[in-house]
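Novice: make a model of this:
(2 chains)
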Amino acid sequence: MSDTQTIDKVVKQPYKYGFVTDIEYDEFPKGLNEDIIRAISEIKNEPEFMLNFRLKAFRQWEKMKEPHHWAKLSYPPIDYQDIIYFSRPKTQPKKDSLDEVDPKLLETYEKLGIPLSEQKMLSGVAVDAVFDSVSIATTFKEKLADAGVIFCSISEAIQKHPELVEKYLGMAVPYNDNFFASLNSAVFSDGSFCYVPKDTISPMELSTYFRINNQNSGQFERTLIIAEENSYVSYLEGCTAPQFDNNQLHAAVVELITMDNAEIKYSTVQNWYSGDEQGKGGVYNFVTKRGLAKGNNSKISWTQVETGSAITWKYPSVILKGDNSTGEFYSVALTNNKQQADTGTKMLHLGKNTRSTIISKGISAGESNNSYRGLVRIGPKANNARNYSQCDSMLIGDRCGAHTFPYIESKNNTAQVEHEATTSRVGEDQIFYLQQRGLSEEDAVSMIINGFCKEVFKELPMEFAVEAVKLLGLKLEGSVG
Amino acid sequence: MLEIKNLHANVEGTEILKGINLTVNAGEIHAIMGPNGSGKSTLAKVIAGHPAYEVTEGEVLFEGQNILELDPEERARLGLFLAFQYPVEVPGVSNSTFLRQAYNTIQEAQGKEDLDPLEFDDYVHEKLKLVDMDPELLKRSVNAGFSGGEKKRNEILQMAVLNPKMSILDETDSGLDIDALREVANGINKIADENKGVIVVTHYQRLLNYIIPDFVHVMVKGRILKSGDKELALELEERGYDWIDEELQVNGEAK
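Specialist: As a prediction, this is how the structure comes out:
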C-alpha cells in the first residue's frame, strides 16, 4: 500500500467512541434563569444550603462576562440560553443495584471498555460511571466503605453526607471564582464525591468515567475529593463523547483538598470528541480544576493527558497553603486537525518550604494550536519556596502552532524558580530512521511521541499509561509526512 | 543479492542519480567513493527507500525482487540495512527498548522467534563486544547526547543485532578518530561473512585500510565512472577525483 493510501485510511478512521446511545431523557427546557436553578435543586431534593449555594453562584454569574480576551483561543460566542441545563436518562436506577440500571447504559459502558457488572469489573479500580452528568453506578462501594472511604456520586453525598459537602464545597474553587466555575456552581447536576478519613490509604484506585450523550445539553459535573490527615488516594478520570456536528459545552469543576500529610494523585485521560478534520463539532472543554494543599506536608499531584475536545481550556492548579506542601503538574496535551488547547497550571505558594514541579509536553499536528500557560506565584510568607518548570513542545508538520506563556510572580526573595523550555519537530528523517529499522510508520511515530512524553507517562497508573500511549498513536496516525 | 539497474532519482525536481548500475553478490564488499555532492549518500537513501527521493527510472532488485515499490520498513524486514551518516536522536526511548522492538519486528516479519527482554539482554550483550561499546549506552536514549563516535558505534551495534543480509554503510568513518575507526571497522569485519553483502560509502580511503573491499567504484555527478579493485582506492587517495572526470571527458564519455 502506498503512503498516501495508508494516510488516507488512517485519517478517515472514525473516532472510536463516537456512537450515540438511543435513550429517552427527562430534561428541562433550554435556557437559564432562577426558576431553572430552583427546579434543579428541587428535583434533586437538595437541602437548603445547596439551593443557596446555587443561587449565589447564579446571581454572581449573571454579573460576569465570558472571558475572551486572554486565552489563545477562537470560537464563536456561546448562546447560554440555547443550552439544556438539566437532562437525565428517563429510567432512574436505584443506586445500590446494577439490576435496575437501564441495560442500554450498561451496554454503553461495555462498549467503552468499562464493564460495570460485578463479574467483569476491573479489579482494583472502583468506578463511578457518569452519563450525561448523572451518576448511574458506582462499583466496589462496600469494599471501600469497609476501609472507611466514602465514594459515591455528589448527589448522593449531598443527601447522605450534607455536613461534609457543606463544609468543603467551594473551598478550593469558590462559587465566584470565574465565569465557568460560577456557571457550574449554579447548575451542576452530578459528579463524584470522595472522602478518605484520617490515617487511611484507599485500598484501591478510584475512577470516574464521564460520558456525554445528549446532543443539546451542557455538561456540568462537580467533583470533590477530600483527604484527611495521613491519608492517600489515587483518582483517575476518563472522558468520551459521541460525534455530533454541533459543539457541546462541558464546564466541570474539580476540587481537591488535602490535610496534614495527606496526598491526592489525580490522573485524567481526556478524550472528548474533538470535531472532524474541518473543525466541525466537538466538545468545548472549559474546566476549573484546583487543589488546596491545606495541611502541612501535604501533596497534590495532577497528571493529565489531553487529546480530545475541539477546545481545551483548563489549568489544574494547586494552592500550596500548608508548610512543606508539594504541588505537581504533569501534562501531555495533543492537538490535531483544527483543535485548540490553552492549558497549563497555577502553582500558588503560600506556605514555607513549599515545592512545585511542572512538566508540560505539548504536541501539535495538523492545523492545530497548542498553548502552555502557567503561573508560578510565590507569596511574601513562602520562605524557601521552590519551583521547577519544564515546557516542551513538539511540532508535527508545518501548519500547526505551539506557544508557551510562563508567568512568574515572586514576592519573596528566598524563593527559587527555574524554567526551561524546548521546541522540537518530528521530521521525516526521524521517522525514516525508525522505519529503516523495521518499524511501521505508526510504530515509529508512537515511539517518538512516547519518548517525548515519558516523564509524564511514568506518573500515570499502569493501565492508564498503556491506554494513553495507544490513544496518542491513534490520534496522530497519518499526520506525519 | 543486490542488483541496481539504470537507476535514476530526483530530489525536488533535480536529478541526482543519472543511471547507476551495480551488482553486489553475497560475500562481497563494495566501496563507493566519490567527491562531495556526487550522489553517494543519495544512492544509499534511495536503496533504503527515503521518501524525499523520487525514482524516475530503473530497478533495484533485492534477491530478485524489485523493492522500489516497498515501504522502507518492508525493505528493512527483507534484510536490508542502512547505517546512517547522521544517526537520528530519539529522546526518551532507551536504546535497548528500541533495539529490541526493531529486532523483534524484523524477526516476526521473517517468521523467526522473537526474544523477551531477558533473552534479548543476553543477546545484545554478546553483540556489544563486537563493537566494543559501553553497555551503559543501552540504558540511554537512542543517540541522544551521544558523541559522534558513539553514534557511529551504535549504528554498527544495530547492524550486529539486526543481522541483515545486505548492509549499506553511509560514511560510517566520518567523525571517528583513528582508534575508533579501527574498532568500528573490526566490528564490521566480524559481522560480514560469505552470506552477506556490504556496500561501504566513503569519502576517504582510510576506512579501506581496515575493511578490504573486493570492488571499488568511483561515483561522480550521479554516475559510476570507474570500477576497480582496492588499488583504485589508493590511486584516488593519491590523485584525488578530478582526473577521472577529465579522463572521461577526453574520451568523450561524459557530458
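
Novice: only C-alpha atoms for contact and neighbour calcs from this point on.
Specialist: Will do.

Novice: isn't A:Tyr433 up against B:Val90?
Specialist: No - the pair A:Tyr433 and B:Val90 fails to qualify as a contact (Cα atoms under 8 Å) at a distance of 9.8 Å.

Novice: I would like the residues contacting stretch B:231-240, please.
Specialist: B:33, B:204-205, B:208, B:216 (Cα atoms under 8 Å, 6 or more residues apart in numbering or on different chains).

Novice: hmm, try it at 10 Å
Specialist: B:31-35, B:203-206, B:208-209, B:213, B:215-218, B:226-227, B:241-244 (Cα atoms under 10 Å, 6 or more residues apart in numbering or on different chains).

Novice: give me the buried positions along it.
Specialist: Across stretch B:231-240, burial judged by 16 or more other Cα atoms under 10 Å in any protein chain shown covers B:232-234, B:236.

Novice: picking that back up, quick one: buried ones out of the contacts of stretch B:231-240?
Specialist: Among the contacts of stretch B:231-240, those classed as buried by 16+ other Cα under 10 Å are B:31-35, B:203-206, B:208, B:213, B:215-218, B:227, B:241, B:244.

Novice: of those residues, list those near chain A.
Specialist: When Cα under 10 Å from any Cα of the partner chain is applied, no member of the buried ones among the contacts of stretch B:231-240 is adjacent to chain A.

Novice: among these, name the ones in strands.
Specialist: Taking DSSP state E as the definition of strands, the buried ones among the contacts of stretch B:231-240 contribute B:31-33, B:215-218, B:227.

Novice: ok, these vs A:Gly366, which is closest?
Specialist: Taking Cα to Cα as the measure, A:Gly366 sits nearest to B:Ile32 out of those, at 40.4 Å.

Novice: quick one, phi psi at whichever residue of chain A sits closest to chain B?
Specialist: For chain A, the residue closest to chain B is A:Gly451, as judged by Cα to the nearest Cα, at 3.7 Å. Backbone torsions of A:Gly451, given as degrees, to the nearest 10, read phi -60, psi -40.

Novice: likewise A:Tyr315?
Specialist: phi -140, psi 80.

Novice: hang on, it packs against A:Tyr372?
Specialist: Yes - A:Tyr315 lies in contact with A:Tyr372 (Cα atoms under 10 Å); the separation is 9.4 Å.

Novice: and the closest residue to A:Gly170 other than its chain neighbours, what element?
Specialist: Distance criterion Cα to Cα, 6 or more residues apart in numbering or on different chains; nearest residue to A:Gly170, sequence neighbours excluded, is A:Glu255 at 7.7 Å. Per DSSP states H and E: A:Glu255 is located in strand A:253-258.

Novice: give the next helix or strand downstream of that strand.
Specialist: strand A:263-271.

Novice: tell me what angle that following strand forms with strand A:253-258.
Specialist: Using axes from the mean of the first three to the mean of the last three Cα atoms, to 10 degrees, the inter-axis angle of strand A:263-271 relative to strand A:253-258 is 160 degrees.

Novice: sheet partners, orientation included, of strand A:263-271?
Specialist: Applying DSSP bridges to the sheet, strand A:263-271 is found paired with strand A:232-240 (parallel), strand A:299-306 (parallel).

Novice: would you mind listing what in chain A touches chain B?
Specialist: Close to chain B, as judged by Cα under 10 Å from any Cα, chain A has residues A:1-3, A:426-441, A:443, A:447-455, A:481.

Novice: re earlier: which neighbours do A:Tyr315 and A:Tyr372 have in common?
Specialist: Here A:Tyr315 and A:Tyr372 share the contacting residues A:342-345, scored by Cα under 10 Å, 6+ apart.

Novice: which of those ranks first by neighbour count?
Specialist: Using other Cα atoms under 10 Å in any protein chain shown as the neighbour test, these are led by A:Gly344, with 29 neighbours.

Novice: in its sheet, what does the helix or strand where that residue lies sit against?
Specialist: A:Gly344 belongs to strand A:340-349 when assigned by DSSP H and E. In the sheet, strand A:340-349 lines up against strand A:311-314 (parallel), strand A:317-320 (parallel), strand A:369-378 (parallel) (DSSP bridges).
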